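>>> Would you be able to build a 3D model of this:
(3 chains)
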Amino acid sequence: MIGLVDCNNFYVSCERLFQPGLRGRPVVVLSNNDGCAVARSEEAKQVGVKMGDPWHLHRAAWKRSGVIIRSSNYALYGDMSNRVMSILRKLSPGIEVYSIDEAFVDFGGMTGREEQVARDLRATILQWTGIPVSIGIAPTKTLAKVANRSAKKESASGGVRALLTDEVQQMALSKLDVEDIWGVATRLGKRLRALGIATAADMRNAAPEALRKEGGVVVERIGRELRGERCLQIDDATRPAKSIMASRSFGRPVTELSELEEAVATFVSRAAEKLRRQHLTAGTVTTFIHTNPFRQTERQYSASALVRLSVASSHTPKLIQAALQALQEIYRPGLRYAKAGILLDDFEFAGTEQKHLWAHGDSEGDRRLMVALDRVNREWGRDTLKMAACGVMKGWSMRAEHLSPRYTTRWEDLLRV
DNA sequence: TCTGGGGTCCTAGGACCC
DNA sequence: TCTGGGGTCCTAGGACCC
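Okay, here's the model as predicted:
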């Protein structure tokens, strides 16, 4: 079984730790620049504050409802997150930190007592950190997400909900709109509804082939996960980042190149620090700028440019130089810019280079695929195994557009595809 | 005047190589 | 009239997540 531990209204809960006066009252934490709502207490949700609501548009209404505003403090949230995660690690070696406020936990080897373990865990976290969490337990990650949701919503759950058998799963899924499934949002939801799939139960009972046809391997995977078939594993390997971004909205219109240059240089130094911390070098730097998309009456412009470094680097001045060169290319005078940012990409690792192994389908294919997988298992470490399998899978049938819905290294599974 | 800041994965298609 | 098979690398954009 897999548990999903999710902190309730995380940023608000953190603020309340240091200001107990905020308890029981409607509290909203705002994004950078105090732009919009990124966290809401239960009381704030009840008076109608929505995720992403811009403050300047709702200021008056919130004031009338007695909503208390806090600017965000990410250093605090990061610190509290680490404390919660380290408690989880004590329980199970197999934890995957999925975001700042949630983690998947391997509940394997606890058959029959999952729920009690979760209740104890919940109490421990609350006692040691003061942060309330909800825990959902189920056979797959996607079902654990569903379980977590109902743990949060149903006050009778006491913050813990387990969906261990087919019957309870079916029941919970029939009450869930298709858009509320993890990995399905408005766009995909719309397309699924057109097929007559309106609830999570409908999706669970849909034929995998039909799901694949509609949304590819990703959607098929969600369907299988809802049936209790594990396609996504708990991933405790902390792999290096694939890209690093730094960007900001300005909070007021910016027109001068010099001002953009200053901002871009700051973004690069911040991103470069992250880069070095992970022992990576970047091969490309992208700079982007755009005008305020909410001001449709003004002339809109958005552009990005990518500069390739001759030698991958983590050296701040070199990266800044590249970013400014890119900025030169895209800057147009006479416009009011609202946001800018940079993206570091094309990383190299200070170590041996890793390549995909390829095996293709012909009369010899089965044998070659096995040989390739065997090499993957032998030559590459455990951490890279999952990725390796994907590489082989992709190569195996790239033209035929078949991807296995599972991440797997079992050649029997791959041959079936 | 004011509307966040990060990320990931997947697909499609083009150019090119032997 | 026929016109292979296998592969790399890149860009752009969509969709989703917290």
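
>>> now for the helix or strand residue A:167 falls within, which elements pack on it?
Using DSSP states H and E, residue A:167 sits in helix A:166-174. Counting contacts by 3 or more C-beta pairs under 8 Å, 6 or more residues apart in numbering; DSSP states H and E, helix A:166-174 packs against helix A:141-153, helix A:200-205. Heads up, the C-betas are built off the backbone N, CA and C, glycines and all.

>>> Could I get the buried residue list for that helix?
For helix A:166-174, the neighbour count (16 or more other C-beta atoms under 10 Å) marks A:169, A:172-173 as buried.

>>> Of those residues, just say which sits nearest to DNA strand C.
residue A:173 (15.2 Å; C-beta to the nearest atom of the strand).

>>> Report whether stretch A:8-21 contacts DNA strand C.
No - under the criterion of C-beta under 7 Å from any atom of the strand, stretch A:8-21 makes no contact with DNA strand C; the nearest approach is 7.6 Å.

>>> That stretch and DNA strand B, are they touching?
No - shown here: stretch A:8-21 not in contact with DNA strand B (C-beta under 7 Å from any atom of the strand), separated by at least 9.4 Å.

>>> So for that stretch, what gets flagged as buried?
For stretch A:8-21, the neighbour count (16+ other C-beta under 10 Å) marks A:8-16 as buried.

>>> Reformat the residues you listed as CSV; add distance to residue A:48.
Converted to CSV, these look like this (distance: C-beta to C-beta, whole Å):
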residue, distance to residue A:48
A:8, 19
A:9, 16
A:10, 21
A:11, 19
A:12, 16
A:13, 21
A:14, 23
A:15, 20
A:16, 21
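
>>> TSV for those, including secondary structure and pLDDT?
Shown next, in TSV, are these (DSSP: H, G, I helix; E, B strand; the rest coil; pLDDT from 0 to 100):
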residue	secondary structure	pLDDT
A:8	coil	97
A:9	coil	97
A:10	helix	97
A:11	helix	97
A:12	helix	97
A:13	helix	97
A:14	helix	97
A:15	helix	97
A:16	helix	97
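
>>> and the helices and strands packed on helix A:166-174, which is most packed in?
Across the helices and strands packed on helix A:166-174, averaging neighbours per residue (mean count of other C-beta atoms under 10 Å) puts helix A:141-153 on top, at a mean of 23.

>>> So which elements touch the very next helix or strand once past that helix?
Note on helix A:141-153: by DSSP H and E, the next helix or strand toward the C-terminus is strand A:160-162. Strand A:160-162 sits against helix A:114-129, strand A:133-138, helix A:141-153, with contacts defined as 3+ C-beta pairs under 8 Å, 6+ apart.

>>> Quick one: mean pLDDT over strand A:160-162.
Across strand A:160-162, pLDDT averages out at 97.

>>> Shouldn't residue A:93 be within a helix?
No - counting by DSSP: H, G, I helix; E, B strand; the rest coil, residue A:93 falls outside a helix, being coil.

>>> any idea how far it lies from DNA strand B?
For residue A:93, the distance to DNA strand B equals 22 Å [C-beta to the nearest atom of the strand, to the nearest Å].

>>> which residues does that residue contact?
By C-beta atoms under 8 Å, 6 or more residues apart in numbering, residue A:93 lies in contact with A:106, A:236.

>>> Please state the backbone phi and psi of it?
phi -70, psi -20 (degrees, to the nearest 10).

>>> do residue A:71 as well
phi -70, psi 150.

>>> That one touches residue A:30, doesn't it?
Yes - assessed by C-beta atoms under 8 Å, residue A:71 is found in contact with residue A:30 at 5.7 Å.
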